[in-house]
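Chemist: next come a sequence and a model predicted from it.
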Amino acid sequence: MKRDALLNLPNSISLSRLILALLFVLMDGRWERTILIVAAGVTDILDGWFARIGNSSSVAGALIDPFADRVFVLTAVTVYLINGVLSTAQYFIFLSRDIATAIGFVVARFIPGLGPSAFKARTLGKTVTVFQIGTLVVVLHFPQATTYLIAIIAGLSAVSIVDYTLALSRERVRARQASR
């Protein structure tokens, strides 16, 4: 892969979330962290927008974007766990969709006809990500809402996991039919 293709504007914006994750660990003020979370959300919107309008979507970008999302979210919820903002159970519920997707990604590598390309962004997955980012902010300012927001993330994650599973199943059937 060419270096210039890897470091195009959308991919660079995605990779900036890795820096934001590091800053999230280093800064401990509520408002500073709120700004970092909002910046991560904005970069998630901008990288896709620039990729579409600049016709610079790439396989690398399709992998970098969700990776950067997951690193930022994982970093933030781990900081919340360490700081006592989230319980261990809430931590794993928060990350349940991400854990299931990672397992599915690995399993898909061993299923003939499936691969990383089968893991395209889906509306429910994006909805969970938006809710996760929103929850990261709300928990900082209204910790009493944590239990309710985690319950909503649990429900959305469960539905998203089913949605991804069904999509992979359909993809596998298509791949099997194409190979005949």
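Modeler: Yep, that arrived. It should be emphasised that the depicted structure is a prediction, and the values quoted were computed from it without experimental measurement.
Chemist: which strands and helices sit next to the helix or strand hosting A151?
Modeler: Assessed by DSSP states H and E, A151 sits inside helix 146-178. For helix 146-178, the elements it packs on are helix 88-94, helix 96-109, helix 123-141, judged by 3 or more C-beta pairs under 8 Å, 6 or more residues apart in numbering; DSSP states H and E. (C-beta placed from N, C-alpha, C; glycine too.)
Chemist: deepest of those helices, which one?
Modeler: The densest packing among the helices and strands packed on helix 146-178, expressed as mean neighbour count by mean count of other C-beta atoms under 10 Å, is seen in helix 123-141 with a mean of 19.
Chemist: run through who's touching that one.
Modeler: With C-beta atoms under 8 Å, 6 or more residues apart in numbering as the contact definition, helix 123-141 has outside contacts at 30, 33-34, 37-38, 40-41, 44, 69, 73, 76-77, 80, 85-86, 94, 97, 101, 145-146, 149-150, 152-153, 156-157, 159-160, 163-164.
Chemist: ditto for stretch 26-33
Modeler: F24, L36, A76, L140, H141.
Chemist: can I get those in TSV with pLDDT and distance to R174?
Modeler: What follows is these, written out as TSV (pLDDT from 0 to 100; distance: C-beta to C-beta, whole Å):
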residue	pLDDT	distance to R174
F24	98	40
L36	98	41
A76	97	36
L140	95	44
H141	96	46
